[in-house]
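Peer 1: would you be able to build a 3D model of this:
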Amino acid sequence: MITTVLRTAIIYFFVVLILRMMGKRQIGELEPSELVVTIMISEVAAMPITDIGVPLLESILAILILVVLEIFLSYFAYRSTKVRTVFYGRPSMFYENGRLHQKEMRRQRFNVADLMEELRNNGAISLNQVEYVLMETNGKVSVLLESENSPVTPADLKIHTEPARMSYVLIDNGNLISGNLKRLGLDDIWLDKLLKKNKLKRPKDVFYLSVEKDTGNTVLIPREKEES
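Peer 2: So this is what the prediction gives:
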């Protein structure tokens, strides 16, 4: 029993670390090779957990080999367009300048119902409202609306807007994020004054605190008292 718990914990933390090394893409945005590696890692990682007879080090070594192969492939794909095309493919154009590429849709097994669903998901109800529809190499479909059907922006209306400013979280559920405090050029004295102003004693009494860069605007939400 203890052996199973330890092996599971080791594999869990090791796989989490490995997936962090692979990057931050979501599952739906993985390239084919990345998806294959992710599936294989899950299969290899499960073996020493379900079967104690499988050596733990061999599974860890197999996972490391998969990750190293993926890193090397990503590097060569970054350096070479030919390698990128072979392993990741090219985007598939489904609709362009009023023409529907039926042959490409058949090749990708993408039917009209799929096409209309993607149009609706992007705010269009007809092909007359779009200029391009294409499938990216990760399988995601991009829909480019015609200019007259695109959402209006402040620039289109010649409206001056304030620049976007980054907001940093300083306290997350009672936990002080010291790195962000220093990044904003603030210190504990500033924080103590803010807490006293809001009749709070310590960071543990705060559920959420964020500060907007440049303006210094703060959002502070006290932590609710737990019911006994």
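
Peer 1: is residue 169 in a helix, a strand, or coil?
Peer 2: strand (DSSP: H, G, I helix; E, B strand; the rest coil).

Peer 1: I meant residue 133, not that one.
Peer 2: Assignment for residue 133 (three-state DSSP): strand.

Peer 1: residue 139 now?
Peer 2: coil.

Peer 1: run a quick neighbour tally on residue 12.
Peer 2: Neighbour count for residue 12, taken as other CB atoms under 10 Å: 12. To be clear about C-beta, it is placed using only N, CA and C from the backbone, and glycine gets the same treatment.

Peer 1: wait, what's in contact with it?
Peer 2: By CB atoms under 8 Å, 6 or more residues apart in numbering, no residues touch residue 12.

Peer 1: and it, what element?
Peer 2: helix 2-22 (DSSP states H and E).

Peer 1: what angle do the longest helix along the chain and helix 2-22 make?
Peer 2: What stands out as the longest helix in the chain, according to DSSP state H, is helix 56-79. Counting by axes from the mean of the first three to the mean of the last three CA atoms, to 10 degrees, helix 56-79 lies at 10 degrees to helix 2-22.

Peer 1: ok, and what's touching the helix or strand just after helix 56-79?
Peer 2: Sequence-wise, the next helix or strand downstream of helix 56-79 (DSSP H and E) is helix 81-88. Identification of contacts with helix 81-88 by CB under 8 Å, 6+ apart yields 31-33, 73, 76-78, 137.

Peer 1: which of those residues ranks first by neighbour count?
Peer 2: residue 31 (21 neighbours).

Peer 1: any stretches of the protein with poor pLDDT?
Peer 2: The chain contains residues with pLDDT under 70 at 22-30, 226-228.

Peer 1: now for the helix or strand hosting residue 105, which elements pack on it?
Peer 2: If you go by DSSP H and E, residue 105 is part of helix 102-107. Judged by 3 or more CB pairs under 8 Å, 6 or more residues apart in numbering; DSSP states H and E, helix 102-107 is in contact with strand 92-96.

Peer 1: helices or strands up against the strand it packs on?
Peer 2: So strand 92-96, by 3+ CB pairs under 8 Å, 6+ apart, packs with helix 102-107, strand 130-135.

Peer 1: buried set for it?
Peer 2: For strand 92-96, the neighbour count (16 or more other CB atoms under 10 Å) marks 92, 94-95 as buried.

Peer 1: paired strands for that strand, with orientation please.
Peer 2: Partners of strand 92-96 in the sheet, by DSSP bridges, are strand 99-100 (antiparallel), strand 130-135 (antiparallel).

Peer 1: quick one, which of those is packed in tightest?
Peer 2: With neighbours taken as mean count of other CB atoms under 10 Å, the strands paired with strand 92-96 reach their highest mean count in strand 130-135, at a mean of 19.

Peer 1: now what about that one, what contacts it?
Peer 2: Everything outside strand 130-135 that qualifies as a contact, by CB under 8 Å, 6+ apart, is 91-97, 108, 110, 115, 118-119, 122, 124, 127, 141-146, 149.

Peer 1: at 6 Å what do you get?
Peer 2: In this structure, residues lying in contact with strand 130-135 by CB atoms under 6 Å, 6 or more residues apart in numbering are 91-96, 124, 141-146.

Peer 1: same thing with stretch 155-164?
Peer 2: By CB under 6 Å, 6+ apart, stretch 155-164 touches residue 154.
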